[in-house]
Each structure stands twice: as C-alpha cells, then as structure tokens.
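> 3D model of this:
(one chain, ligands or ions: 2)
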Amino acid sequence: MAVQAAERERAQAARLPEGDVIRTLLEQHARIRDLFVDVRSTHGEHRRQAFAELRALLAVHETAEELVLRPVSRRVVGEEVANARDKEEAEATRDLRELEKMDVFAAEFDARLATFEEMVGRHALREETSEFPAVSAECDAEQRHAMGDALRTVERFAPTHPHPSTAGSPVRQWMVGPFASVVDRVKDTLEKGGRAAARGATGPPI
Ligand SMILES: [Fe+2]
Ligand SMILES: [Fe+2]
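Ligands and ions are numbered 1, 2, ... in the order given. Here you go, the predicted structure:
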C-alpha cells in the first residue's frame, strides 16, 4: 500500500514543474514512504541508517511545511485545517522522538513504527487532499517556485532530529530552530564519524 501511494505521489509530482513547492513536497512524501518500507524490511546497520535518514527527512520536512506551506494554506483553506495539520505534526514529532530513543532492533520498535507509519501516511494524505490542491489553485507557477526555493532553504537549516518543544509552533521554530539545527548536524556528523571509525575507515568524518 505504501509502495502504491509512493508511486501515485511520484506520478503527481512529475506532472509539476521542477522546483515547484508541491512537486518537492510530493517527492518527499514518496521518499518518506519508501524509507518506512526500508526500515521495516531491512536488518542490521542498514536498518539503523534507514531510520536515521527517515528521522532526518521527517524532521526537516515537517518543519519546512510549518514555516513555508502552512502560512499560505492558513489563508487559502482556513485556520481550522491549518491548525489541524500543525497539531498532527506536533503529535508526529513527539512520536518520532519516542521512536528515536528506542533500540531499532527491539520487538517493541516494530509495533510502534507500524502505528507511526499509519499516522504519518494519513497526515500526508490529508495534506495532499486538503492543502496541496488549494495552494496549487491559489498560487501561480512563479509563486509556487518561490515557495519551493524557500522550502529548500529552510530544509538546509532545519533541525534533523525531532524537537517536540518547537513542533507545531512557527514562532518557536524560528526562535529555537536554527540553534537546534546546528546541534543536530554536529551530532549527525559525529555519529557518522563513529560508524565509519567502527568500520575501520580512515580520514576525517564527513
Ligand atoms: Fe506535514
Ligand atoms: Fe508533508
């Protein structure tokens, strides 16, 4: 099911121009679904890496949506829908934080991951049906491209780990996000370096 949804999202994305914010978000939804499948179906170090990639992509994707997409959708689809999506993202961030603290090889992790995957999939579908078409209809190609640029910029600087204290609140995201991002990216680099060292790699961690 996740595979079919990812295919549908990629097909929709391919119909939009390169750089369009909705195209980028749809491609990321598809990638998120692929990574859930990867985490579920792999073992050992591969599973750990797939979860690290999923965790980082989800963290930056949801932050960027809150900062770039949501202000526009708040205007075009209304406060109620925008608040509902922000709330789901705050809940997903809390759950992702809990998963992050668990051992990816524990039996309990699989059960929690399955529930989380369902929740994230439902959230993505709601965005695709309630927000994306309205934003596409309201904004012209140039505006959507500019939003795409803004989204990619935010994603370059967004925290790569879930931060429940800032999720769902654009004000807190702007205030705490950049600092949390630096800390997260240093942590990621050290973790990658540690894994490379454990495999006997030489040279500085990248
Ligand atoms: Fe979202
Ligand atoms: Fe999304």
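
> output the lowest mean pLDDT helix or strand found in this protein.
helix 170-198 (a mean of 69; mean pLDDT, DSSP states H and E).

> which residues of this structure lie near ligand 1?
Counting by CB under 5 Å from the ion, the residues of the chain close to ligand 1 are Glu62, Glu65. The way it works is simple: take the backbone N, C-alpha and C, and place the C-beta from them, glycine included.

> run a quick neighbour tally on the residue of the chain found nearest ligand 1.
Proximity of the chain to ligand 1 (CB to the ion) peaks at Glu65, 4.4 Å away. As a burial measure, Glu65 scores 22 neighbours (other CB atoms under 10 Å).

> in terms of contact, does it touch Glu128 like I think?
No - using CB atoms under 8 Å, Glu65 and Glu128 do not qualify as a contacting pair, with a distance of 11.9 Å.

> next one: phi and psi at Ala158?
phi -80, psi 150 (degrees, to the nearest 10).

> give me the pLDDT for it.
Ala158 carries a pLDDT value of 84.

> one more: Gln49?
pLDDT at Gln49 comes out at 95.

> about what we covered before: tell me who's in contact with the residue of the chain closest to ligand 1.
Neighbour list for Glu65: Leu25, Arg85, Glu89, Glu127, Leu151 [criterion: CB atoms under 8 Å, 6 or more residues apart in numbering].

> which element, helix or strand, includes the second one?
With elements taken from DSSP states H and E, the one containing Arg85 is helix 79-101.

> contacts made by that helix with the rest, please.
The contact list for helix 79-101 (CB under 8 Å, 6+ apart) reads 51, 55, 58-59, 62, 65-66, 70, 73-74, 109, 112-113, 115-116, 119-120, 123, 126-127, 130-131, 161-164, 167-169.

> same thing but at 6 Å, please
55, 58, 62, 70, 73-74, 112, 116, 120, 123, 130, 162, 164, 167-168 (CB atoms under 6 Å, 6 or more residues apart in numbering).

> following it, which helix or strand comes up?
helix 107-126.

> how far off helix 79-101 does that next one point, in degrees?
If you take axes from the mean of the first three to the mean of the last three CA atoms, to 10 degrees, helix 107-126 sits at 160 degrees to helix 79-101.

> next up, the contacts around the residue most central in space within the chain.
Centroid-nearest residue in the chain, with CA atoms, centre = their mean: Leu58, separated by 2.2 Å. Residues in contact with Leu58 (CB under 6 Å, 6+ apart) are Leu96.
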